[in-house]
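[1] What follows is a predicted protein model with its sequence.
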Amino acid sequence: MLTVSHVLMITSFSFILLNLGYFFPLSFCWFTYLSWGFKAVLTSAAASEFTLERALHFLFLFKASRYHLQMARSAPVPAFFQVLVGDFSEKLKMPTAFVNDFNGPALCKLRGPNGKCWDVKLEEKNNDLFFHKGWKKFVKDNYLEEGDFLVFNYDGNSLFSVTIYDESACEMDMEEAKRKRSTGGLVGQMRDYVMPGETRLRIIEFKSEHLCFKRTMETHRLYQLNIPIIIARAKGLMSKRTIELRDPSNRSWPVAVTPMEDGRTLMNKGWCDCYKANQIKKGNTVVFEFVKGHVKLHIVRDEGYEVMLTGPNIVY
């Protein structure tokens, strides 16, 4: 006779056999085992002592063992991190410990926080492995700066998922980074003007109470840069040998100043190191703001913006 104990035992056994399908291939004929289990339960003397409490306990133990089996089968995802320092915009070195166990293809994909992927070619040099061709575009498109902290998770199939952390030690807000970093952190109002002929002009209005000037970088300005005569005289630069520049990361750069016979004052030695470290490129606009004791730099990398300086001490 089919008793309550039999029903409990059959139900428990059915649950387990049904869940075995999670671990075994579909071709596994667990229906056969289920039929065998029903027969064994109906003829088992132990079924008479199979209470509801024991059935629940049995199911709990099975679920716990299944969980641990899942955890054991889940291999850890290979990963590494890198802090962006120095000249990281052209290529980025992988950690040696990761490379020793890496056997992926020469062409990989980097998936950014927004889900978009970039093709990046790996370069081997002196037994080191670098993200190289394509890496520069990934840096530019994700507004990466020195000091950013990147975590690379490798899925084993030529794909790296990249998580980006900024100076706040939290995941980077990409929209905020786009707004702030593409305009060099300038605090001002962005405006779009439609000029005659339907030409759209994008303007950043930068207000300052300090003496300041701007320069759009050209090839000759990457090595030395002319300071307006009015500012040089107002700040007494003709009698100084160096000035201190502060970049957007608040790093200090001592730069030599040289007065010329025609009245101009040039920034030269030290300026080249500053622009290289900040990845200043031809076409970028740099605002030089003379605050107390140093010159603050604002770098606008987006060439689609025209910077308009406003204030009582603006010099062009």
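    That came in fine, so what should we check first?
[2] So which other helices or strands are in contact with the host helix or strand of residue 275?
    If you go by DSSP states H and E, residue 275 is part of helix 271-277. With contacts taken as 3 or more Cβ pairs under 8 Å, 6 or more residues apart in numbering; DSSP states H and E, helix 271-277 sits against strand 252-259. The way it works is simple: take the backbone N, C-alpha and C, and place the C-beta from them, glycine included.
[3] what is the mean pLDDT for the strand it packs on?
    The average pLDDT for strand 252-259 rounds to 92.
[4] Can you tell me what sits against it?
    Counting by Cβ atoms under 8 Å, 6 or more residues apart in numbering, the neighbours of strand 252-259 from elsewhere in the structure are 227, 232, 237-238, 240-247, 265-271, 273-274, 277, 294.
[5] Okay, helices next: where are they in the stretch 101-250 of the chain?
    Assignment of helices within the stretch 101-250 of the chain using DSSP state H, counting those that start in this stretch yields the ranges 135-141, 174-181, 229-234.
[6] picking that back up, quick check: buried residues in the helix holding residue 275?
    For helix 271-277, the neighbour count (16 or more other Cβ atoms under 10 Å) marks 271, 274, 275, 277 as buried.
[7] follow-up on the earlier one: of the contacts of strand 252-259, select the buried ones using a PyMOL command.
    The PyMOL command for the buried members of these (criterion: 16+ other Cβ under 10 Å) is given here:
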select buried, resi 227+232+237+243+245+246+247+265+266+267+269+270+271+274+277
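[8] number of nearby residues for residue 212?
    Other residues near residue 212 come to 22 when the count uses other Cβ atoms under 10 Å.
[9] and what of residue 87?
    What residue 87 shows, counting by other Cβ under 10 Å, is a neighbour count of 11.
[10] pLDDT score for the closest residue in space to it that isn't next to it in sequence?
    In space, not counting the residues next to it along the chain, residue 87 is nearest to residue 276; the distance is 6.6 Å by Cβ to Cβ, 6 or more residues apart in numbering. Model confidence at residue 276, given as pLDDT, is 86.
[11] And for residue 127?
    pLDDT, residue 127: 87.
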